[in-house]
Every structure is written in C-alpha cells, then in structure tokens.
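**Student:** Predicted model, plus sequence, below.
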Amino acid sequence: MTTTPTRAGAGPDPAEAVTAPGRLPLAGRTDVRAWVGAFLRREARRLALTFGLFAAALLAGLVGPRLLGRLVESVKDGTSTGRVDLFALVFLGVLAGHALLARAARTQATLLGERVLAATREHFVRRVLGLPLAQVESVGTGDLLSRATTDADRLNESIRQAVPRIALAAVTLVFTVAAIVLTSPLLSLALLAGLPFAVLSTWWYRPRATRAYERLLAQEADVLAVVHETARGAATVESLGLGSRQRARHGRAVDAVVRTRQRTTWLQTVWFPSLDLATTVPMALTLLIGGLAYQRGAVGLAEVTAVVLYVQALGEPLDDLLTWTDELQIGNAALRRILGVDLLPNEEKRPPAPTEGHAIRLEGVGFGYGPDRAVLTGIDLDIEPGERLVVVGASGAGKSTLGKLLAGVHHPDRGTVRIGGVEVSALPVEQLRREIVLVTQEQHVFSGTLRDNLTLTGGGEEPEAEDRPLWEALETVLLADWARTLPDGLDSEIGPGAAPVPPSAAQQLALARLLICDPHTLVLDEATALLDSTASRRVERSLAALIEGRTVISIVHRLDSVRDADRIAVMDHGRIVELGSHDKLLAAQGAYASLWHSWESARSDEPPAKGLPG
Ligand SMILES: Nc1ncnc2c1ncn2[C@@H]1O[C@H](COP(=O)(O)OP(=O)(O)OP(=O)(O)O)[C@@H](O)[C@H]1O
C-alpha cells in the first residue's frame with residue numbers, strides 16, 4: 001500500500017491512503033472495501049439473519065393496518081361480534097409477532113455490531129502493540145486512543161444502526177416506487193422531477209461532508225490527546241503550574257471541533273431542505289398531472305389517490321436512507337482511521353539470536369529523532385559484564401537517548417549496538433528483555449492483579465511454581481510487607497480503580513518485575529529522581545539488591561555515588577568526551593573535573609541528598 005501526503009487545502013482523497021505529519025495514516029478506499037468484503041464474508045449468515053428478521057418485522061408491521069382496514073370494512077358491511085373478536089385476536093397476535101420480530105432483529109443487529117467492535121478492537125490493539133515505539137512516540141497517544149475508542153464506537157454504531165436501516169429504507173423505497181409505477185405509469189413520471197434535487201444536492205454534499213467528518217474525527221482526537229496528556233502528567237502540570245496552558249490548548253482543540261461541527265451542520269442545512277424538495281415537488285406534480293389526467297379520463301380517482309399516498313410514503317424511507325447514509329459516512333471515516341494503523345510498518349517477528357557472553361559494544365553509533373537532528377554522534381563504547389558505568393553530562397547531552405539505544409527502544413541510524421556479539425535490533429523483544437532492561441522514573445502500574453503486574457514481562461510462567469519466586473522478588477525489593485497488607489495477596493487487584501500503589505511501591509514493583517525477568521544488564525535512567533527522600537532511600541535499597549551480579553549503566557544528575565562506579569562516561573552534545581574512573585578523570589582536569597567541582601560546591605549549599613547506586 002502506498003501512502004501519499006495530504007494535498008494542501010483540498011483535504012484527503014478517500015480513494016487513497018493518506019499520511020500527514022504528526023498523525024497516523026488514513027486508510028484508502030481500497031483498504032476499506034477489502035475490510036467490508038472480509039466482514040461480509042465472515043458475517044454473511046448473521047447479516048442474512050439480521051436482515052431477514054428486520055424484513056419479517058417490516059412485513060408484520062404492514063399486515064396490522066391492512067387487517068384494521070378489513071375490520072372497518074366488515075363492520076361497515078355488517079358482521080357478527082364473534083368475527084370482530086376473531087379479527088381483534090388476530091390483530092393482537094400480529095402486533096405481538098411484530099414486537100417479537102423487531103426485538104429479535106435489534107438484538108441480532110446489536111450482537112453483530114458488538115462482534116465487529118470486539119474483533120476490530122482486538123485487531124487494532126494487536127497492531128498497536130506491534131508498532132515500533134518511535135512511531136507511537138511521534139504521533140502521541142491521543143490519536144491512537146481516539147481510534148481505539150470513539151472511532152471504534154462509531155463504526156459499531158454504523159454497523160448496528162445504519163446498515164440495517166439503510167437496507168430497509170432501500171427495500172421500502174424500491175417497493176413503493178414499484179407500486180407507483182404499477183398503479184399508474186403516467187403519474188410515476190412525476191417522480192422524475194424529484195431526482196435532480198436528490199441527486200444534485202447529494203453530489204454536492206457528499207465529498208464536502210466526507211472531508212468535514214474526517215477533519216472532525218482528527219480534531220476530536222486532538223481534544224482527547226490534550227485531556228489524556230494532562231491527566232497522565234497531572235503531577236507535572238500541577239507542579240509547574242501548567243494548568244492555564246493546558247486549558248488554553250484544550251480550548252483551542254475544542255474550538256476547532258466546534259468550527260467543524262458548525263461546518264457539518266451548515267452542510268446539512270443545505271442538503272436536508274433539498275431532500276425535502278425531492279418528495280414535495282413530485283407530490284405537487286402528481287396532484288397537477290393527476291388532476292389534468294383525471295379531467296381527460298386518462299386515470300381514475302383511485303389511482304390518483306393511491307399514487308399521492310405512495311409519493312407521500314416515499315418521504316420517510318428517503319429521509320432514513322440519506323440520513324443513515326450520512327451516519328455510515330461517519331462510520332467510513334472512522335474505519336479509515338482504524339485501518340490506517342495497518343499501513344504502518346510493524347515490528348517484524350525476529351527469530352531468537354544466540355548471544356555469546358554479556359559484553360556490550362557500541363561502534364560508531366549515531367542517532368537523531370528526526371532527519372536533521374543528530375542527538376548522538378560517533379559513540380564508541382565497550383562495557384564489560386558486571387561493570388558499573390555511570391553516564392553524566394549536561395541536560396540535553398543525549399544520556400537518556402544513549403540509554404534507549406542500549407535497551408533497544410530506538411535503533412541507531414549509524415553504527416551498531418551489540419550485546420554478546422549480536423546487534424540489539426536483531427534480537428526478538430522477549431530475548432532482549434532478558435538481556436537488558438531500561439528502568440526510568442516512570443513506572444506504570446497496570447490494572448490487574450499484583451501477580452499480573454509482576455509477571456507481565458514474561459517471567460514466572462510456570463503455574464503453581466509461580467508464587468515462591470514472586471514472593472522472593474517482593475522480599476528482595478522490600479515490598480513483601482506491603483503486599484501482605486493486600487486483601488488477596490498476589491491475586492489482589494491493584495492500580496487504577498483498585499488498591500492504590502504509592503509511587504515508591506510502583507518503583508519497587510517495577511524492580512521486582514525485573515528480578516523475575518532477570519536481565520543481565522540494567523540501564524537506570526534517573527530511576528529515583530521523582531521520589532521524595534524517604535521513598536527514594538527505600539527504592540535504592542531495593543535497587544542495591546537488584547543490581548547485585550549484573551552489569552549496570554546508571555544515568556545520573558546527582559554525582560553522590562559516582563565514586564563507586566568502575567568508570568564514568570561524560571557526555572556533551574551527543575558525544576562521549578571523557579571515559580574513565582573518578583580519580584583518573586578528576587586528575588585529567590577536564591569536563592568531569594569541572595562537573596564534579598560545581599556539584600561539590602552546589603552540594604555544600606544544599607541539605608544532603610542521595611544519588612543512585614552506580
Ligand atoms: N522523543 C524525542 N523526540 C525528539 N527529540 C527528543 C526526544 N527525546 C529527546 N529529544 C532531544 O534529544 C536531545 C537529547 O535528549 P536526552 O533526553 O537524551 O538528553 P539527556 O542528556 O538525557 O537530558 P536530561 O538530562 O535533561 O534528561 C535533546 O535535545 C532532546 O530535546
């Protein structure tokens with residue numbers, strides 16, 4: 001599938017897949033058609049059942065008035081009370097049958113919608129989990145979230161409501177038009193007068209509405225992105241006083257949605273009246289032609305009356321057909337967004353790659369977040385198994401980026417990062433996590449049990465034998481006492497909406513997870529920087545137990561414990577400018593020495609604080 005850039009001003013062409021900077025792509029018409037084809041094949045029986053039930057309900061609905069008419073006629077002609085009772089009974093039976101059929105039809109349609117929704121969401125989540133992290137980072141989570149939630153709901157709504165209603169309206173229209181033609185071919189010519197209004201207005205409306213709906217969904221995603229970002233970074237927003245900035249961003253995003261909604265409403269204010277004309281003009285013409293034809297004896301009064309009633313009856317299904325087609329258009333826009341994720345390159349499945357030893361070697365590594373933004377250049381570094389390496393440097397020097405490259409979160413643009421002789425980019429993710437893991441300040445507690453949270457990295461898989469290693473890990477990171485206070489031990493629900501997990505416990509939990517997954521190398525990127533000093537000390541003690549016997553690369557701002565490191569790497573503008581032990585670098589009187597002296601003098605003005613073990 002090829003992707004093309006969005007054409008300025010004109011909006012995306014629904015026939016083509018579209019990519020726009022900073023957004024996930026939109027699928028093209030061919031992708032949508034393929035999806036619909038697969039859906040029709042997969043759900044053919046359920047669809048047939050749903051349509052069958054709707055059609056039966058429609059027919060049962062038509063029988064009622066007919067019966068009532070017969071009853072009135074027979075009362076007029078004189079009939080027995082027994083016969084009236086019988087009619088009433090049959091009428092009630094038909095009404096009950098209609099209600100039951102309508103209920104069954106709606107239940108089937110709902111089930112169908114839910115099945116599609118579930119399958120679409122599962123497919124979407126699988127795809128998103130397979131996306132390279134860099135891709136997810138570059139578009140943000142708002143776009144992804146809205147595709148997985150509101151867009152999937154819209155698609156569900158389209159399938160549940162729009163598809164059966166459109167089908168029914170179309171069938172009703174065909175039957176009614178056929179009835180008009182059969183009743184009076186002459187009067188049916190009046191219908192032609194309505195066609196230009198329906199066709200021209202829809203031809204004008206459709207492409208404009210398609211573009212507006214696609215814009216609307218993207219703008220709604222922006223609103224969700226701001227809300228999500230603000231909620232996720234609530235502590236930062238609060239501490240840096242970013243509330244008014246976020247409110248302003250939210251206000252701008254909502255304004256954009258309101259403007260597009262105004263546009264779609266305006267489009268409808270032109271389209272809907274034109275659709276009304278598509279039935280009222282033929283109605284007026286039928287009366288006119290009917291009157292003239294009746295005077296000349298070309299048609300009977302009964303035919304004129306029937307055709308007028310039929311033309312009037314066209315209004316409702318025509319309205320239904322077009323308004324639900326509009327709804328389907330929103331579903332189509334939502335589907336293009338959901339399927340757009342399929343156009344992204346997926347993390348390919350890699351075969352296991354046997355490594356030799358645990359040595360890490362970086363050769364000529366270069367990396368940038370964008371084509372013109374080199375963040376790391378010419379990095380050569382050998383890290384021996386069991387070594388304690390500390391990385392220091394000014395803010396923005398590239399320390400965290402180096403950590404991400406080591407852990408395989410990003411891959412170098414130039415040069416190689418090898419673990420045990422194998423390039424990190426060649427290692428399957430399950431293997432990579434047993435080799436090297438990045439620990440940052442941000443540790444997420446997933447909704448689920450404590451057990452789920454401990455084993456989600458894939459460790460501790462054997463059933464039954466599970467509990468002991470999990471408790472051992474909790475003991476090691478000093479979290480066992482906290483875990484014992486939970487009502488169901490390892491099976492207690494924790495995280496959002498369940499037992500609260502304090503920030504330090506979340507960090508310790510992440511460390512316990514690491515113990516279970518047991519990688520030989522840890523990259524610690526300011527892992528305790530956000531914790532208060534008591535919590536930080538507790539996590540550091542857990543960390544001390546964890547790093548025993550492993551290679552540790554610590555990225556630090558505070559230099560308290562750098563003396564204990566085997567080597568210190570000093571970074572500046574994306575390069576390693578110095579590398580060696582504390583004493584050696586101090587003696588060299590270079591970048592490290594000045595960092596150290598300024599750290600020492602700053603520390604003498606501050607209350608004592610603890611850094612990370614190095
Ligand atoms: N996801 C990203 N997208 C684009 N640019 C980024 C991204 N992450 C970092 N950068 C940029 O890359 C450069 C290096 O950032 P990095 O976080 O690696 O530095 P650092 O030395 O760890 O800084 P700090 O000590 O402040 O964390 C900075 O200019 C930063 O703005």
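**Tutor:** Thanks, I have the structure now.
**Student:** near the ligand, which residues of the stretch 401-550 of the chain?
**Tutor:** Applying C-beta under 6 Å from any ligand atom, we find that the stretch 401-550 of the chain lies next to the ligand at residue 401. Bear in mind the C-beta positions are built from the backbone N, C-alpha and C, glycine included.
**Student:** how close does the residue in the stretch 401-550 of the chain positioned nearest to the ligand sit to residue 148?
**Tutor:** Closest to the ligand within the stretch 401-550 of the chain is residue 401: 3.3 Å, counting by C-beta to the nearest ligand atom. Using C-beta to C-beta, to the nearest Å, residue 401 is found at 29 Å from residue 148.
**Student:** now residue 174
**Tutor:** With distances taken as C-beta to C-beta, residue 174 is found 38 Å from residue 148.
**Student:** for residue 379, same thing?
**Tutor:** Note on residue 379: its distance to residue 148, by C-beta to C-beta, is 37 Å.
**Student:** coming back round to it: how about the residue of the stretch 401-550 of the chain closest to the ligand, nearest residue that isn't a chain neighbour?
**Tutor:** residue 375 (5.0 Å; C-beta to C-beta, 6 or more residues apart in numbering).
**Student:** For burial, what's the neighbour tally of residue 246?
**Tutor:** Close neighbours of residue 246, defined as other C-beta atoms under 10 Å, add up to 17.
**Student:** Among residue 174 and residue 148, which residue is more densely surrounded?
**Tutor:** residue 148 (18 against 11).
**Student:** so who does the more buried one touch?
**Tutor:** 121, 124, 125, 128 (C-beta atoms under 8 Å, 6 or more residues apart in numbering).
**Student:** Residue 332 contacts residue 31, correct?
**Tutor:** No - taking contacts as C-beta atoms under 8 Å, residue 332 lies outside contact range of residue 31: 11.3 Å.
**Student:** quick revisit: beyond the helix or strand hosting the residue of the stretch 401-550 of the chain closest to the ligand, next helix or strand please.
**Tutor:** Assigned by DSSP states H and E, residue 401 belongs to helix 399-406. The helix or strand immediately downstream of helix 399-406 is strand 414-419, counting by DSSP H and E.
**Student:** Neighbouring strands - and their directions - for that following strand?
**Tutor:** The pairing partners recorded for strand 414-419 under DSSP bridges are strand 360-370 (antiparallel), strand 422-423 (antiparallel).
**Student:** Report the backbone C-alpha coordinates of it in CSV.
**Tutor:** Extracted C-alpha coordinates of strand 414-419, given in CSV (Å, rounded to 0.1, in the frame of the first residue of the first chain):
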residue,chain,number,x,y,z
ARG,A,414,24.5,4.7,12.0
GLY,A,415,26.9,2.2,13.6
THR,A,416,25.9,-0.7,15.8
VAL,A,417,24.9,-1.6,19.3
ARG,A,418,25.8,-5.2,20.1
ILE,A,419,25.1,-7.4,23.1
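**Student:** now it against helix 399-406, angle please.
**Tutor:** Strand 414-419 and helix 399-406 are oriented at 70 degrees to each other (axes from the mean of the first three to the mean of the last three C-alpha atoms, to 10 degrees).
**Student:** burial of the residue lying closest to residue 386 once chain neighbours are set aside, as a residue count?
**Tutor:** In this structure, residue 386 finds its nearest non-sequential neighbour in residue 551, 5.8 Å apart by C-beta to C-beta, 6+ apart. Number of residues near residue 551 (other C-beta under 10 Å) recorded here: 23.
**Student:** what's across from residue 551 in the sheet?
**Tutor:** The partner list for residue 551 in beta bridges (DSSP bridges) reads residue 521.
**Student:** got the contact list for it?
**Tutor:** Here residue 551 is in contact with 358, 360, 383, 384, 385, 386, 387, 389, 520, 521, 522 (C-beta under 8 Å, 6+ apart).
**Student:** Assumed the first one was part of a strand.
**Tutor:** Translated: residue 358. No - applying DSSP: H, G, I helix; E, B strand; the rest coil, one finds residue 358 to be coil, outside a strand.
**Student:** burial measure for it, as a count.
**Tutor:** Residue 358 has 19 neighbouring residues, counting by other C-beta under 10 Å.
**Student:** cool, and the third one?
**Tutor:** The tally of other residues near residue 383 (other C-beta under 10 Å) stands at 22.
**Student:** so who does the closest residue to it other than its chain neighbours touch?
**Tutor:** What sits nearest to residue 383 in space, not counting adjacent residues and going by C-beta to C-beta, 6+ apart, is residue 360, at 4.2 Å. Taking C-beta under 8 Å, 6+ apart as the contact definition, residue 360 lies against 381, 382, 383, 406, 417, 418, 419, 436, 521, 551.
**Student:** Identify the residues contacting residue 322.
**Tutor:** 198, 202, 271, 275.
**Student:** Look up phi and psi at residue 437.
**Tutor:** Dihedral angles of residue 437 (phi, psi; degrees, to the nearest 10) stand at phi -130, psi 140.
**Student:** Just give the nearest non-adjacent residue to it, would you?
**Tutor:** Of all residues not flanking residue 437 in the chain, residue 519 sits nearest, at 4.5 Å (C-beta to C-beta, 6+ apart).
**Student:** mind checking the SS state of that neighbour?
**Tutor:** Classification of residue 519 using three-state DSSP returns coil.
**Student:** May I have the predicted confidence score for it?
**Tutor:** With respect to pLDDT, residue 519 has a value of 89.
**Student:** Hmm, residue 431 and it touching each other?
**Tutor:** No - contact criterion C-beta under 8 Å: residue 519 and residue 431 do not qualify, at 10.2 Å.
**Student:** More neighbours: which of the two?
**Tutor:** Neighbour count, other C-beta under 10 Å: between residue 519 and residue 431, residue 519 has more, with 21 against 17.
**Student:** need the contact list for that one.
**Tutor:** Residues in contact with residue 519 (C-beta under 8 Å, 6+ apart) are 433, 434, 435, 436, 437, 550.
**Student:** For those residues, give me TSV that also has neighbour count and distance to residue 85.
**Tutor:** Listed next are these as TSV, based on neighbours: other C-beta atoms under 10 Å; distance: C-beta to C-beta, whole Å:
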residue	neighbour count	distance to residue 85
433	20	77
434	16	81
435	20	84
436	24	85
437	22	81
550	19	89
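**Student:** Residue 283: how many residues sit nearby?
**Tutor:** Number of residues near residue 283 (other C-beta under 10 Å) recorded here: 19.
**Student:** That should have said residue 491, apologies.
**Tutor:** For residue 491, using other C-beta under 10 Å, the count is 12.
**Student:** Can you tell me what sits against stretch 185-205?
**Tutor:** By C-beta under 8 Å, 6+ apart, the list of residues contacting stretch 185-205 from outside reads 177, 180-181, 267-268, 270-271, 274-275, 277-279, 281-283, 285-286, 289-290, 293, 298-299, 303-304, 307, 311, 318, 322.
**Student:** Contacts only, for residue 356.
**Tutor:** By C-beta under 8 Å, 6+ apart, the contact set of residue 356 is 420, 421.
**Student:** Relative to residue 421, how far out is it?
**Tutor:** To residue 421, residue 356 is 5 Å away according to C-beta to C-beta.
**Student:** cool, residue 501 as well?
**Tutor:** 39 Å.
**Student:** Mind checking which of these two has more residues around it?
**Tutor:** Set side by side, residue 501 and residue 421 show more neighbours around residue 501, with 21 against 12, by other C-beta under 10 Å.
**Student:** Helix or strand: which one has the more buried one?
**Tutor:** For residue 501, there is no host helix or strand (DSSP H and E).
**Student:** What are the phi and psi values at it?
**Tutor:** Dihedral angles of residue 501 (phi, psi; degrees, to the nearest 10) stand at phi -120, psi 110.
**Student:** Look at it and report its pLDDT.
**Tutor:** We have a pLDDT of 82 for residue 501.
**Student:** In the protein, where's the longest helix?
**Tutor:** Longest among the helix segments of the chain by residue count, using DSSP state H, is helix 243-295.
**Student:** Which other helices and strands does that helix contact?
**Tutor:** helix 185-188, helix 195-232, helix 301-340 (3 or more C-beta pairs under 8 Å, 6 or more residues apart in numbering; DSSP states H and E).
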